[in-house]
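**Q** Okay, here's the prediction I keep looking at, along with the sequence it came from:
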Amino acid sequence: MVSINVENVGLVYRLRQKISLARKTPAVQHTGGRVSEAGGRKTVIALEDLSFSLEAGDRLGLVGSNGAGKTTLLKVLYGIYEPTMGKVEMKGRVDALFNISLGFRKEATGRRNIVLRGLINGWSLDQINDRMDAIIEFSELGDFIDLPFKTYSQGMAARLAFSVATSLEPEILLMDEWIGAGDARFQEKAKRRMEEIAEKAGIIVLASHNHGLLKRTCNKILELDKGRLKAFLPVDSWEETG
Ligand SMILES: Nc1ncnc2c1ncn2[C@@H]1O[C@H](COP(=O)(O)OP(=O)(O)OP(=O)(O)O)[C@@H](O)[C@H]1O
């Protein structure tokens, strides 16, 4: 059974430079984690004592101001960073969409990029060809599918990235803000596809500043404030207070 369990997780970025923090910044800090200095080294506490769990069917919206720790948390869940403290248990096949153009060849066509992404994900050429038409249809890129990726607008790139990633039948899908790059109609389609993934006993975690998108797409909200958990609640309760 697919699940995510995060227990007392902390993540500290240790910087190489030795910079003095002797002078206090006068302005009130609304963004970022907490900067501190230990042994002459600067560190940023990006996540602190974070605990929550998700089960099959959950679509979690991650919110918080700039630098609150959303991307860091996604990277910890994906296994890019080991938590400095606590533990993360992920049960299920994890796919991530952090950056639209990540893994796409700029000079290759959309169609060729679908093949390359499929191969990277371990599909056979037959499996890729079987899914090709459905992926292209979902992306609605039409004739652009045979033009180089570099000719795509941000939203078009987002459409292709989303169509491919969600066709990989992920059990856990981690996504950063960029999904908002799609237009309203595509977002509606994307929402339905995310519901389908969640209905097939999957989990989706989506970080965004677009509260409308999260309210339409998610069933739970986790709010971070300077790396700490501020709220973890059903989206309906957040709609009342958020
Ligand atoms: N590679 C890094 N080295 C040092 N500090 C980092 C690094 N990446 C992020 N941080 C710091 O960690 C904290 C959390 O950053 P993160 O990118 O997770 O925030 P976020 O909530 O995704 O922000 P945004 O909404 O602006 O995308 C910030 O204080 C940021 O400065």
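**A** That came through fine.

**Q** For this structure, what lies in contact range of the ligand?
**A** Selection of the chain residues close to the ligand by C-beta under 6 Å from any ligand atom yields 13, 32-33, 44, 46, 64, 66-72. The way it works is simple: take the backbone N, C-alpha and C, and place the C-beta from them, glycine included.

**Q** wait, what's in contact with the spatially most central residue of the chain?
**A** Ranked by distance to the mean C-alpha position of the chain (C-alpha atoms, centre = their mean), the top residue is residue 175 at 2.1 Å. With contacts taken as C-beta atoms under 8 Å, 6 or more residues apart in numbering, residue 175 has the following neighbours: 74, 96-98, 204-207.

**Q** Show me what the helix or strand of the chain with the lowest mean pLDDT pairs with in its sheet, parallel or antiparallel.
**A** Evaluated with mean pLDDT, DSSP states H and E, the helix-and-strand set of the chain has its lowest mean pLDDT in strand 34-38, which scores a mean of 73. Strand partners for strand 34-38, identified by DSSP bridges, are recorded as strand 41-55 (antiparallel).

**Q** May I see the buried residues of the strand it pairs with?
**A** By neighbour count, with 16 or more other C-beta atoms under 10 Å as the criterion, the buried positions of strand 41-55 are 42-48, 50, 54.

**Q** okay, the helix or strand just after it in PDB with CA atoms only?
**A** Of the helices and strands lying after strand 41-55 in sequence (DSSP states H and E), the nearest is strand 59-63. This file holds the C-alpha atoms of strand 59-63, laid out as PDB (Å, rounded to 0.1, in the frame of the first residue of the first chain):
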ATOM      1  CA  ARG A  59      -3.400  15.000  -2.900                       C
ATOM      2  CA  LEU A  60      -1.400  17.300  -0.700                       C
ATOM      3  CA  GLY A  61      -0.900  21.000  -1.400                       C
ATOM      4  CA  LEU A  62       2.300  22.400   0.100                       C
ATOM      5  CA  VAL A  63       2.100  26.200   0.900                       C
END
